[in-house]
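> here is a sequence together with a model predicted from it:
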Amino acid sequence: MMPFQIKPDEALKEVQQVGEKLAKGFKTLSELGDIEVGCTPKEAIYHEDKATLYHFIPFAEIKNRTPLLVIYALVNRPYMADLQMDRSMIRGLMQGGEDVYLIDWGYPDGGDRFLTLDDYINGYIDNCVDVLRKRHGVEAVNILGICQGGAFSLCYASLHPGKVRNLVTTVTPVDFHTEKDMLSHWVRNVDIDLVIDTMGNVPGEVLNFTFLSLMPFRLSGQKYLDMINTLDDPIAARNFMRMEKWIFDSPDQAGEAYRQFIKDFYQGNKLIRGEVMLGENQVKLSNVTMPVLNIFASADHLVPPASSRALERFVGTRDYTALEFPGGHIGIYVSGKAQKMIPPAVCDWLAKRS
């Protein structure tokens with residue numbers, strides 16, 4: 001086998017080409033202006049502490065009179081579900097006839113240090129649901145949970161089954177001890193009590209570094225090399241910067257809520273064991289008796305498919321549907337393929353149960 005050889009003239013030519021691309025890229029980036037995210041107009045209809053309940057202003061006929069409440073994770077910001085006009089799960093749901101609401105958790109600060117999961121789930125979420133029940137004159141609402149927000153939605157549906165008509169979970173961790181869950185393997189060995197007792201709230205930068213470390217070459221190196229080839233296109237550059245803005249827009253985590261989530265869910269795997277306690281209430285997935293649509297991603301590096309698939313074994317509903325998306329954890333919301341697949345599937349599933 002011939003040894004690998006670097007030809008100086010070809011190497012010099014490649015360096016020059018990269019330099020030219022970078023020069024064009026810097027010019028493009030300097031002319032982009034502000035990077036706008038969250039493309040769909042919305043109005044705030046309820047505030048409580050840092051949490052805000054938003055209603056997206058309808059632009060299409062509302063076909064489903066039961067409101068759909070989107071519950072996002074505490075990590076990162078919810079505008080990922082409404083990133084831009086052609087990459088918006090929210091707009092897709094609205095186009096399909098849903099009346100969509102979303103809880104924005106805001107940015108916790110030192111005053112939120114002692115908020116618990118009970119405060120988030122039996123407090124903020126329950127209050128938002130009650131606002132929608134009164135606003136629409138219904139006994140129950142539809143809920144769509146995203147990632148950690150899906151786990152919160154399962155807890156809420158278990159404790160308040162009469163207030164949830166249909167439940168949709170997307171890339172939601174359920175069994176936190178599956179074999180290929182690298183994040184779970186890491187977190188299980190963390191002294192989370194020491195972390196919270198020392199830091200109080202957990203800085204968003206710490207979590208963001210952890211997530212990027214799961215795929216360091218792809219997420220911290222290769223994507224920036226790939227970016228060089230697209231920076232001369234203002235549209236592509238703006239799309240890239242929107243994702244970068246979302247990735248690094250990481251709120252701090254309220255200390256006590258984060259402590260319980262790590263200890264009970266990641267370390268104790270108590271969700272599937274029926275051992276999660278929210279206040280004096282025990283969360284049992286067998287109490288989730290409403291129809292459930294569980295959507296997961298086949299190439300998810302944060303929530304392995306096996307973690308989400310486990311839901312079928314533990315919920316009490318007889319109306320359970322699983323849908324696998326051929327992509328990753330973020331692609332399920334922002335990829336072009338997802339726009340054609342996920343919102344229509346959710347709207348069709350809900351319409352049959354309206």
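Arrived safely, thanks for sending.

> quick one: the strands in the chain?
42-48, 51-56, 68-71, 82-84, 87-88, 100-104, 141-146, 164-170, 276-278, 281-283, 292-297, 320-325 (DSSP state E).

> by contact count, what packs against the second one?
Packing contacts for strand 51-56, counted by 3 or more C-beta pairs under 8 Å, 6 or more residues apart in numbering; DSSP states H and E, involve strand 42-48, strand 100-104, helix 126-136. To be clear about C-beta, it is placed using only N, CA and C from the backbone, and glycine gets the same treatment.

> partners of it, with directions?
Sheet pairing of strand 51-56 (DSSP bridges) gives strand 42-48 (antiparallel), strand 100-104 (antiparallel).

> what's the closest of those strands to Arg238?
Among the strands paired with strand 51-56, the nearest to Arg238 by C-beta to C-beta is strand 42-48 (21.3 Å).

> what mean pLDDT does that closest one get?
When the per-residue pLDDT values of strand 42-48 are averaged, the result is 98.

> export that strand to CSV, keeping only CA atoms.
What follows is strand 42-48 as a C-alpha-only set of coordinates in CSV (Å, rounded to 0.1, in the frame of the first residue of the first chain):
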residue,chain,number,x,y,z
LYS,A,42,-48.3,35.1,19.5
GLU,A,43,-49.9,36.8,22.5
ALA,A,44,-49.3,36.3,26.2
ILE,A,45,-52.5,35.3,28.0
TYR,A,46,-51.2,34.3,31.4
HIS,A,47,-48.1,35.0,33.5
GLU,A,48,-46.9,33.4,36.7
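
> what angle do that strand and helix 126-136 make?
Between strand 42-48 and helix 126-136, the angle comes out at 130 degrees (axes from the mean of the first three to the mean of the last three C-alpha atoms, to 10 degrees).

> now do strand 42-48: distance to the chain's middle.
20 Å (C-alpha atoms, centre = their mean, to the nearest Å).

> residues in contact with that strand?
Judged by C-beta atoms under 8 Å, 6 or more residues apart in numbering, the contacts made with strand 42-48 from elsewhere in the structure are 52-57, 101-102, 123-124, 127-128, 131, 135.

> thanks a lot, see you next time.
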